[in-house]
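J.: show me how the following folds:
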Amino acid sequence: MSDVNELKEVLSDLEKKLISVEKIFAAFPFALWMVIMLFYSNVTAVLQVSWEFNMVYWAAAVIIAVFLMAKCWEKVAQLSRVMDKNVVLSKTKVFMLTGLPWIIGAIIGWVIIPMIHLSVNPEVNIALGLISFIVISVFGMFLAMAKYTVQKEMIPAFIIPLVNIPLVLGATNAMEVACSSIALGYTLTILWYLYSAFKVHM
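T.: As a prediction, the model looks like this:
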């Protein structure tokens, strides 16, 4: 009987460790975006950049980030399969859940919204495109993944930028406002993921 209890305890500890690792992997993409945004803030703090630079920088950032994010979420899917045999997520399905929302968000945020010209200021249009891209992509990923795993920690990452869209429209430093609101939402999401990772051991 003691052997059975010991086995249950070992399995319980293993499950807790797997949950912690899953949460940390899930936090990585948001930390990556923080690096991208803070690097942009450092560059724009010392240099006067054009709207063309903004377009090139964010287009390159999106391509790199989506590729690395797919790798992270693939690891999360692998851990989910270990913890729950009913969760069957192929690489194609992982892409559909994580990559497709970002592609849709990029089309809306980087193509459609700039074409609408909601502002006469090109920087405002790019800032609106960026913040819309983030809101649509993260919310889309949150909804797509909800069938398999509810990542409630993602909520601040799209709610905070969403409520700041009116501020971007009226700001003279629109890109700074957009980046800071996204950074705030992402920071809260990272903290929530880390809390969830450690909470299982408390």
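J.: could you use CA atoms for every contact and neighbour count after this?
T.: Noted.
J.: in what helix or strand does the closest residue to residue 68 other than its chain neighbours lie?
T.: Leaving aside its chain neighbours, residue 68 sits nearest to residue 29 (7.4 Å; criterion: C-alpha to C-alpha, 6 or more residues apart in numbering). Here residue 29 sits within helix 2-46, counting by DSSP states H and E.
J.: so what's the gap between that helix and the chain middle?
T.: Taking C-alpha atoms, centre = their mean, to the nearest Å, one finds the center of helix 2-46 at 13 Å from the center of the full chain.
J.: give the residue spans of this structure that score low on pLDDT.
T.: Across the chain, the ranges flagged by pLDDT under 70 are 1-8, 10-12, 14-15, 76-95, 201-202.
J.: what segments of it are helices?
T.: 2-46, 51-83, 91-107, 113-116, 122-145, 155-163, 165-169, 174-199 (DSSP state H).
J.: got the ones you listed as JSON lines, with mean neighbour count columns?
T.: JSON lines is the format used below for these (neighbours: other C-alpha atoms under 10 Å):
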{"stretch": "helix 2-46", "mean neighbour count": "16"}
{"stretch": "helix 51-83", "mean neighbour count": "16"}
{"stretch": "helix 91-107", "mean neighbour count": "19"}
{"stretch": "helix 113-116", "mean neighbour count": "15"}
{"stretch": "helix 122-145", "mean neighbour count": "22"}
{"stretch": "helix 155-163", "mean neighbour count": "20"}
{"stretch": "helix 165-169", "mean neighbour count": "17"}
{"stretch": "helix 174-199", "mean neighbour count": "20"}
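J.: quick one: the residue nearest to residue 68 from residue 20, how far?
T.: Distance check for residue 29 against residue 20: by C-alpha to C-alpha, to the nearest Å, it reads 16 Å.
J.: can you tell me how far the closest residue to residue 179 other than its chain neighbours sits from residue 112?
T.: Of all residues not flanking residue 179 in the chain, residue 37 sits nearest, at 6.2 Å (C-alpha to C-alpha, 6+ apart). For residue 37, the distance to residue 112 equals 22 Å [C-alpha to C-alpha].
J.: got a list of what the most centrally placed residue in the chain touches?
T.: In the chain, the C-alpha nearest the mean C-alpha coordinate belongs to residue 30, at 4.6 Å (C-alpha atoms, centre = their mean). By C-alpha atoms under 8 Å, 6 or more residues apart in numbering, residue 30 lies in contact with 186-187, 189-190.
J.: swap in residue 118?
T.: residue 125.
J.: got phi/psi on it?
T.: phi -70, psi -20 (degrees, to the nearest 10).
J.: against residue 191, how distant is it?
T.: 34 Å.
J.: could you do residue 104 as well?
T.: 27 Å.
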